[in-house]
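Student: all I have is the shape, not the residue letters:
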């Protein structure tokens, strides 16, 4: 039973890492980091809305609608690129405050908010892992086919596929877990000059370690994942900074 729980939660983290590493690298390279957490947070608003208005029905549909809405706003904000990061930051603040306001109407609102922030992925079923892997495989094929289109349609398709991905992953893992999986492995791979496969392998390794330690020490799995991914991302950043400073001083 314990091995089943560990296996399903680890496999889910590997599946999540696969497509999120790709999106993370694209977002980091574009310099619009807040996009990750803003769209994820708006997917969370959709889930909170469905919980309050429809008692938890249609969560995926509302998560997708709100995520697509946020993505559309961010795509439009790129026309004023020098201020777009501030716009995206405010969009995240709006989404987070709206989530709290909606969930404050429920007796179990704070518990739901905790799950939306970093869900405990230990109890995800193997069927859910397989279903998520299937969805992400289709999305991966669509991402590949994007190379055959151009212009605004190419840009909109990126954000649309990003929103569909987050509508699924936020419901399973929570906003902070998704954000950490998107940014940390992508940042490390770019800092070290490595590719997508490295980001996937690196992120999966640290997810494995975080899940194993959360089992051993009886810690919340979601927050353990966020902690480890964030910590190794920050440490790699400072490592790169020190190496860069050393060679700069020596030249």
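Tutor: Thanks, I have the structure now. Small disclaimer: the values here were computed from a predicted structure and weren't measured. Residues are numbered from 1 along each chain as shown.

Student: flag the helix or strand of the protein with the lowest per-element mean pLDDT.
Tutor: helix 109-117 (a mean of 78; mean pLDDT, DSSP states H and E).

Student: would you mark the buried spots in the helix or strand where residue 169 lies?
Tutor: In this structure, residue 169 sits in helix 151-173 according to DSSP states H and E. Within helix 151-173, the residues that count as buried by 16 or more other Cβ atoms under 10 Å are 158-173. Glycine gets a C-beta too; all of them are placed from N, C-alpha and C.

Student: give the other helices and strands that that helix contacts.
Tutor: helix 2-30, helix 34-53, helix 59-77, helix 126-145, helix 175-191 (3 or more Cβ pairs under 8 Å, 6 or more residues apart in numbering; DSSP states H and E).

Student: tell me which helix or strand comes right after the shortest one.
Tutor: Think helix 175-191. In N-to-C order, the element after helix 175-191 by DSSP H and E is helix 196-217.

Student: next: the third one.
Tutor: Past helix 59-77, further along toward the C-terminus, the next helix or strand under DSSP H and E is helix 81-103.

Student: packing partners for that next one?
Tutor: helix 34-53, helix 59-77, helix 109-117.

Student: any buried residues in the longest one, and which?
Tutor: Applying a neighbour-count criterion of 16+ other Cβ under 10 Å, the buried positions in helix 34-53 are 34-52.

Student: before we move on, what about the second one?
Tutor: Buried residues in helix 59-77, counting neighbours by 16+ other Cβ under 10 Å, are found at 59, 62-68, 70-71, 73-75, 77.

Student: pull the number of nearby residues for residue 222.
Tutor: Residues near residue 222, counting by other Cβ atoms under 10 Å, number 24.

Student: ok, now the one 3 residues further on?
Tutor: The criterion is other Cβ under 10 Å. On that basis, residue 225 has 29 neighbouring residues.

Student: pretty sure it contacts residue 180?
Tutor: Yes - if you go by Cβ atoms under 8 Å, residue 225 and residue 180 touch, sitting 6.5 Å apart.

Student: packing partners of the least confident helix or strand of the chain?
Tutor: Going by 3+ Cβ pairs under 8 Å, 6+ apart, helix 109-117 lies up against helix 34-53, helix 81-103, helix 175-191.

Student: how about that helix, which residues are buried there?
Tutor: Buried residues in helix 109-117 (16+ other Cβ under 10 Å): 109, 112, 113, 114, 115, 116, 117.

Student: ok, residue 160 - contacts?
Tutor: For residue 160, the contact set (Cβ atoms under 8 Å, 6 or more residues apart in numbering) comprises 68, 71.

Student: gap between the residue nearest the centre of the chain and residue 76?
Tutor: The residue lying closest to the centre of the chain (Cα atoms, centre = their mean) is residue 178, at 2.5 Å. For residue 178, the distance to residue 76 equals 23 Å [Cβ to Cβ, to the nearest Å].

Student: take the buried residues of helix 59-77 and lay them out in JSON lines including distance to residue 29.
Tutor: Listed next are the buried residues of helix 59-77 as JSON lines, based on distance: Cβ to Cβ, whole Å:
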{"residue": "59", "distance to residue 29": "31"}
{"residue": "62", "distance to residue 29": "30"}
{"residue": "63", "distance to residue 29": "26"}
{"residue": "64", "distance to residue 29": "25"}
{"residue": "65", "distance to residue 29": "28"}
{"residue": "66", "distance to residue 29": "26"}
{"residue": "67", "distance to residue 29": "21"}
{"residue": "68", "distance to residue 29": "22"}
{"residue": "70", "distance to residue 29": "20"}
{"residue": "71", "distance to residue 29": "17"}
{"residue": "73", "distance to residue 29": "21"}
{"residue": "74", "distance to residue 29": "15"}
{"residue": "75", "distance to residue 29": "16"}
{"residue": "77", "distance to residue 29": "17"}
